[in-house]
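> The sequence and its predicted three-dimensional model are supplied below.
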Amino acid sequence: MSTLNPDVLQNGSVKNSDSINDSHELDEYDFSRFVDRPRLLNLERQRSCDERSLNDLPVPFSPHQSSRADNFGRALDNPDSVYSPIKKSGCNTPMSHFGYGMMASDPHPMIAEAWDDLRRALVFFRGQPVGTIAALDNSDEKLNYDQVFVRDFVPSALAFLMNGEPEVVKNFLLKTLRLQGWEKKIDRFQLGEGVMPASFKVLHDPIRNTETLMADFGESAIGRVAPVDSGFWWIILLRAYTKSTGDTSLADKPECQNGIRLILSLCLSEGFDTFPTLLCADGCSMIDRRMGVYGYPIEIQALFFMALRCAMLLLKHDGPGKELIERIVKRLHALTYHMRNYFWLDLKQLNDIYRYKTEEYSHTAVNKFNVMPDSLPDWVMDFMPVHGGYFIGNIGPSHMDFRWFCLGNCIAILSSLATQEQSSAIMDLIESRWEELVGAMPLKVCYPAIENHEWRIVTGSDPKNTRWSYHNGGSWPVLLWLLTAACIKTGRPQIARRAIELAETRLSKDGWPEYYDGKLGRYIGKQARKHQTWSVAGYLVAKMMLEDPSHLGMIAIEEDKHLKPVLRRSSSWTA
Ligand code: GLC
């Protein structure tokens, strides 16, 4: 069983660092001020972490256009203009015991409650905090909600980092790294060395008074799928920790460098692939059940891209690291081209698909994946606004999954997989399809739901994933932090503010559910756990980022000027 420690504050187990927020000059949130006045944000950062760019390597590059958003991106990674909380920790002003010392003078009452929940969710191993339990709901069958999930811990970790409490994040990174080193077998089959666990828990032996860790790499998970996203989140979190604390010594440890290499060697190995995207089984990420997300799902591709970008910043340029960096650069170039061109959908592209010819042979084919125009669902024709666009759910042979997936699109913005133009188009889409994607409770995990015959075929008649429920068009409060981060990166914080206000009308009253159901997300999810930790942490992270947008730096990456810009359909497809 996991140890829940409600006495965290009293017993001092959670380190209270000395950090404070000295950015209150930016009292009234104004993105343009933030962008235009980098001198205010004049803080130190370790060069080794964030200045490595693809231009450190000899790959042909194309020119880059500068813009406002680009300036902001640069501010995130430029050592002279980056605001880094590490500087705050030098100020010797203790933060609030309740964990909202960084918030505005009149914080929303939900914030204190959320911090309380988050701290109660802490899991301890041999006296040290090592993660947060998935849900604090004792009213229902636990299943695996009493475990620390790698993906679920990310918003918790960001909340702790933003609050100047990096210790639990460091412990988590080191513990999961140890778990990666385990020999992993399902029946008689051995999993790849680099696989990171989906989740782990602490087992107590009351007789011998010992504690051990037990991890699940997919062998116990419903559906028996290994979590492809865990390793990517681990790398992304390591970079967030490094960026936020300025402590490069963790990432520089030989075991961390090796951990990164093992994760990436699972993805960069040569095989039969004809695409630079990653081929996956259904349910290998946040949507961890059969939902027609096998093949090349956007969530994994976006996380893959982000993890590659983060690894570039973290890997040492020594022998094995150098060779890996070269492989990463090549893959990033190919992946960027593929995603920006083939996954991108806007009105023009939709119209092109609508008029596609099929059965084209040879490299001159326009309809490269032989997609049948008849497979275009009716809803997408209505859904696509005049201004706006998004990365579709999946692409494979004769297959385009036109569904909108929130996580993949937000990560595409944060990692700069999306160009600035594409990022703004995604935000335009969210604004113009507010009712569909946000409705009464942010935010739809995917849109639209699948139903009837299609639901039977695609989900295998899954009663948990009925239309507009859970992974099938349900609304997940955890996604608020991703939306908020994407809003800040694109300079549109008012969208996040609107979404947060909506969440504030219900989240706490409803007991912080895992998800909501219904076309508009008006119902607490059929089987949603209450006091779901990532719903709590997602809210806190969203609030802290809006309050102090410089936090975005730990989870966003600027566009690499050396990655080829998107080729417009018209020219690329006729070239
Ligand atoms: C559900 C979700 C998964 C999450 C887990 C723990 O299985 O689908 O994304 O990690 O619960 O909260």
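Good, I have the coordinates. Residues are numbered from 1 along each chain as shown.

> what about stretch 155-169, start to end distance?
Stretch 155-169 has an end-to-end distance of 11 Å (CA to CA, to the nearest Å).

> near the ligand, anything from it?
No: residues of stretch 155-169 are not located near the ligand by CB under 6 Å from any ligand atom, the shortest gap being 11.1 Å. Where C-beta positions appear, they are placed from N, C-alpha and C, glycine not excepted.

> what pLDDT does the residue lying closest to residue 495 once chain neighbours are set aside get?
Nearest residue to residue 495, sequence neighbours excluded (CB to CB, 6 or more residues apart in numbering): residue 487, at 4.7 Å. At residue 487, the pLDDT value in this model is 98.

> Tell me which residues of the strand or helix carrying residue 496 come out buried.
Per DSSP states H and E: residue 496 is located in helix 493-506. Buried residues in helix 493-506, counting neighbours by 16 or more other CB atoms under 10 Å, are found at 493, 495-496, 499-500, 502-504, 506.

> Where does the residue nearest in space to the middle of the chain fall, secondary structure wise?
Nearest to the geometric centre of the chain sits residue 411, at 5.5 Å (CA atoms, centre = their mean). Element membership of residue 411 [criterion: DSSP H and E] is helix 406-414.

> Output that helix as CSV, nothing but the C-alphas.
Listed next in CSV are the C-alpha coordinates belonging to helix 406-414 (Å, rounded to 0.1, in the frame of the first residue of the first chain):
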residue,chain,number,x,y,z
CYS,A,406,-6.3,17.9,-26.9
LEU,A,407,-3.1,16.7,-25.4
GLY,A,408,-1.3,16.1,-28.7
ASN,A,409,-2.2,19.6,-30.0
CYS,A,410,-1.2,21.4,-26.8
ILE,A,411,2.1,19.5,-26.7
ALA,A,412,2.7,20.4,-30.4
ILE,A,413,2.4,24.1,-29.4
LEU,A,414,4.6,23.8,-26.3
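
> how big is the angle separating the next helix or strand after that helix from helix 493-506?
Per DSSP H and E, the first helix or strand lying C-terminal to helix 406-414 is helix 420-432. Using axes from the mean of the first three to the mean of the last three CA atoms, to 10 degrees, one finds that helix 420-432 and helix 493-506 are set 40 degrees apart in direction.

> List the contacts of whatever helix or strand comes next after helix 420-432.
Moving toward the C-terminus from helix 420-432, the next helix or strand (DSSP H and E) is helix 434-437. Residues from elsewhere that reach helix 434-437 (CB atoms under 8 Å, 6 or more residues apart in numbering): 383, 404, 406, 429-430, 443-444, 447-448, 520.

> Equivalent analysis for stretch 368-383, please.
342, 345, 350, 353-356, 358-360, 395-400, 402, 404, 433, 436, 447-448.

> can you tell me the average pLDDT over it?
96.

> thinking again about what came up before, the contacts of stretch 368-383: which ones sit near the ligand?
Among these, no residue sits close to the ligand (CB under 6 Å from any ligand atom).

> Okay, and which of these map to helices?
350, 353-354, 436 (DSSP state H).

> JSON lines please, covering the buried residues of helix 493-506 and showing pLDDT and distance to residue 364.
Output for the buried residues of helix 493-506, formatted as JSON lines (pLDDT from 0 to 100; distance: CB to CB, whole Å):
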{"residue": "493", "pLDDT": "98", "distance to residue 364": "45"}
{"residue": "495", "pLDDT": "98", "distance to residue 364": "41"}
{"residue": "496", "pLDDT": "98", "distance to residue 364": "44"}
{"residue": "499", "pLDDT": "98", "distance to residue 364": "45"}
{"residue": "500", "pLDDT": "98", "distance to residue 364": "49"}
{"residue": "502", "pLDDT": "98", "distance to residue 364": "49"}
{"residue": "503", "pLDDT": "98", "distance to residue 364": "50"}
{"residue": "504", "pLDDT": "98", "distance to residue 364": "54"}
{"residue": "506", "pLDDT": "97", "distance to residue 364": "54"}
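
> picking that back up, between the ones in helices among the contacts of stretch 368-383, which is nearest the ligand?
Closest approach to the ligand among the ones in helices among the contacts of stretch 368-383 (CB to the nearest ligand atom): residue 436, at 21.4 Å.

> returning to what we had before: report the secondary structure element holding the residue nearest to residue 495.
Secondary structure from DSSP H and E places residue 487 in helix 479-489.

> Need the residues that contact that helix.
By CB under 8 Å, 6+ apart, helix 479-489 touches 31, 69, 72-73, 155, 158, 406-407, 409-411, 413-414, 423, 426-427, 430, 442-443, 445, 493-496, 499-500, 503, 537-539, 541-542, 545-546, 549, 552, 555-556.

> From the residues you listed, list just the buried residues.
Buried by 16+ other CB under 10 Å: 31, 69, 72-73, 155, 158, 406-407, 409-411, 413-414, 423, 426-427, 430, 442-443, 445, 493, 495-496, 499-500, 503, 537-539, 541-542, 545-546, 549, 552, 555-556, out of the contacts of helix 479-489.

> what residues are up against the nearest residue to residue 325 once chain neighbours are set aside?
Closest residue in space to residue 325, ignoring its immediate chain neighbours: residue 315 at 5.6 Å, by CB to CB, 6+ apart. By CB under 8 Å, 6+ apart, the residues touching residue 315 are 257, 260-261, 321, 324-325, 328.

> again with residue 448
When contacts are counted by CB under 8 Å, 6+ apart, residue 448 is found next to 379, 383, 403, 436, 473.

> Which PyMOL command selects the buried ones in these?
Buried subset of the contacts of residue 448, written as a PyMOL selection, criterion 16+ other CB under 10 Å:
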select buried, resi 383+403+436+473
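
> which of the contacts of residue 448 lies closest to the ligand?
Ranked by distance to the ligand (CB to the nearest ligand atom), the contacts of residue 448 are led by residue 473 at 13.8 Å.

> which residues of the stretch 101-250 of the chain score low on pLDDT?
Counting by pLDDT under 70, the stretch 101-250 of the chain shows low-confidence ranges at 101-105, 140.

> show me the contacts for residue 398.
Residues in contact with residue 398 (CB under 8 Å, 6+ apart) are 369-372, 375.

> So what touches the strand or helix carrying residue 453?
Applying DSSP H and E as the criterion places residue 453 in helix 452-459. Applying CB under 8 Å, 6+ apart, the contact partners of helix 452-459 are 289-292, 449-450, 461-462, 465-467, 472.

> and of the residues you listed, the nearest to the ligand?
Of all these, residue 289 has the smallest distance to the ligand: 6.9 Å, by CB to the nearest ligand atom.

> distance between the longest helix along the chain and the chain's centre?
As assigned by DSSP H, the longest helix anywhere in the chain is helix 319-338. Here the centre of helix 319-338 is set off from its chain's centre by 21 Å, with CA atoms, centre = their mean, to the nearest Å.

> With just CA atoms, put it into PDB.
The C-alpha trace of helix 319-338 is given here as PDB (Å, rounded to 0.1, in the frame of the first residue of the first chain):
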ATOM      1  CA  GLY A 319      31.100   9.800 -26.900                       C
ATOM      2  CA  PRO A 320      27.700   8.000 -26.700                       C
ATOM      3  CA  GLY A 321      25.800  11.200 -26.200                       C
ATOM      4  CA  LYS A 322      27.300  12.800 -29.300                       C
ATOM      5  CA  GLU A 323      26.400   9.900 -31.600                       C
ATOM      6  CA  LEU A 324      22.800   9.900 -30.200                       C
ATOM      7  CA  ILE A 325      22.400  13.600 -30.700                       C
ATOM      8  CA  GLU A 326      23.300  13.200 -34.400                       C
ATOM      9  CA  ARG A 327      20.600  10.600 -34.700                       C
ATOM     10  CA  ILE A 328      18.100  12.800 -32.900                       C
ATOM     11  CA  VAL A 329      18.800  15.700 -35.200                       C
ATOM     12  CA  LYS A 330      18.100  13.600 -38.300                       C
ATOM     13  CA  ARG A 331      15.000  12.300 -36.800                       C
ATOM     14  CA  LEU A 332      13.700  15.700 -35.700                       C
ATOM     15  CA  HIS A 333      14.100  17.000 -39.200                       C
ATOM     16  CA  ALA A 334      12.200  14.200 -40.700                       C
ATOM     17  CA  LEU A 335       9.500  14.200 -38.000                       C
ATOM     18  CA  THR A 336       9.000  17.900 -38.200                       C
ATOM     19  CA  TYR A 337       8.500  17.700 -42.000                       C
ATOM     20  CA  HIS A 338       6.100  14.800 -41.700                       C
END
